[in-house]
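In: mind folding the following:
(one chain, ligands or ions: 2)
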Amino acid sequence: MSDIIHIKPLTKEAFAPFGEVLDTDGTPDKLINQGLCGRYHDLANLDFSGADARVGISLFKSQKRTLPYSLEMVERHPLGSQAFLPMSQDPFLVIVCPDENGKPGHPMAFLTSPGQGINFHRGTWHGVLTPLSEPGQFAVIDRIGDGDNLEEVWFDTPYVIAKA
Ligand SMILES: NC(=O)N[C@@H](O)C(=O)O
Ligand code: NI
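Out: Ligands and ions are numbered 1, 2, ... in the order given. I've put the predicted structure just below:
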């Protein structure tokens with residue numbers, strides 16, 4: 001039986017080694033549209049490589065998961081970053097692992113605050129999109145292009161992801 005991973009609140013600091021947290025906390029970088037709109041500018045490090053690679057926006061509509069959640073697999077995208085931007089105010093689960101010599105280390109689980117999005121850096125080990133509410137609709141910004149941009153590791157024994 002693998003460890004139980006307790007979910008922590010997502011913070012920019014804790015997530016920094018893995019990617020960026022996107023939110024509209026605090027003062028916007030710029031007021032636009034006659035002062036009626038705050039622009040929170042250039043929040044994520046979008047990074048894509050490989051011939052003919054380009055950035056794309058896709059929509060994901062995912063079934064929700066329930067807690068405790070059985071984490072059977074993590075993946076990474078060696079050729080590009082991947083951003084999950086929720087199209088609702090529902091918090092969702094974000095799971096990452098440090099890299100240990102090309103393999104995923106011990107998983108960490110975070111719960112987003114309402115409206116927060118995330119961007120995984122290229123090569124970050126992560127759990128797949130994991131909504132906890134439906135309709136589980138997200139805008140996903142990631143790499144479109146040829147080449148193998150998906151590496152999966154299936155755990156011999158799933159980890160249990162649970163509320164703290
Ligand atoms: N496969 C796919 O497009 N999505 C995954 O990369 C994911 O992280 O959900
Ligand atoms: Ni992914």
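In: switch to C-alpha atoms for all contacts and neighbour counts from now on
Out: OK.
In: tell me the bridge partners for the spatially most central residue of the chain.
Out: Taking CA atoms, centre = their mean, the centroid of the chain lies closest to residue 118, which sits 4.8 Å from it. When bridges are called by DSSP bridges, residue 118 pairs up with residue 21, residue 84.
In: quick one: contacts for it?
Out: Residue 118 is in contact with 19-22, 83-85, counting by CA atoms under 8 Å, 6 or more residues apart in numbering.
In: if you set the cut-off to 6 Å instead, what comes out?
Out: Residue 118 makes contacts with 20-22, 83-84, as judged by CA atoms under 6 Å, 6 or more residues apart in numbering.
In: SS state for the residue lying farthest from the centre of the chain?
Out: Here the chain reaches farthest from its C-alpha mean at residue 34, the gap being 32.9 Å by CA atoms, centre = their mean. When classified by DSSP: H, G, I helix; E, B strand; the rest coil, residue 34 comes out as coil.
In: can you give me the end-to-end distance of stretch 121-136?
Out: Chord length of stretch 121-136, first to last residue, is 22 Å (CA to CA, to the nearest Å).
In: quick one: distance of that stretch to the chain centre.
Out: Put simply, stretch 121-136 sits 5 Å off its chain's centre (CA atoms, centre = their mean, to the nearest Å).
In: residues contacting that stretch, please?
Out: Stretch 121-136 is contacted from outside by 18-19, 61-62, 64-65, 74-78, 80-81, 92-93, 95-97, using CA under 6 Å, 6+ apart.
In: so how far is stretch 136-149 off the chain centroid?
Out: Chain-centre distance of stretch 136-149: 12 Å, with CA atoms, centre = their mean.
In: same question for stretch 78-86.
Out: Relative to where its chain is centred, stretch 78-86 has its mean C-alpha point 7 Å off (CA atoms, centre = their mean).
In: now stretch 37-55
Out: On CA atoms, centre = their mean, the centre of stretch 37-55 falls 14 Å from the chain's centre.
In: for it, which outside residues touch it?
Out: 20, 28-31, 79-81, 142-145.
In: would you show me how to pick out the buried ones of those residues in ChimeraX?
Out: Filtering the contacts of stretch 37-55 down to the buried ones (16 or more other CA atoms under 10 Å) takes a single ChimeraX command:
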select :20,79,80,81,142,143,144,145
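In: would CSV of the contacts of stretch 37-55 with secondary structure, pLDDT and distance to residue 11 be doable?
Out: Below are the contacts of stretch 37-55 laid out as CSV (DSSP: H, G, I helix; E, B strand; the rest coil; pLDDT from 0 to 100; distance: CA to CA, whole Å):
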residue, secondary structure, pLDDT, distance to residue 11
20, strand, 98, 9
28, coil, 98, 18
29, coil, 98, 20
30, strand, 98, 23
31, strand, 98, 25
79, coil, 97, 25
80, strand, 98, 23
81, coil, 98, 19
142, strand, 98, 22
143, strand, 98, 25
144, strand, 97, 29
145, coil, 96, 31
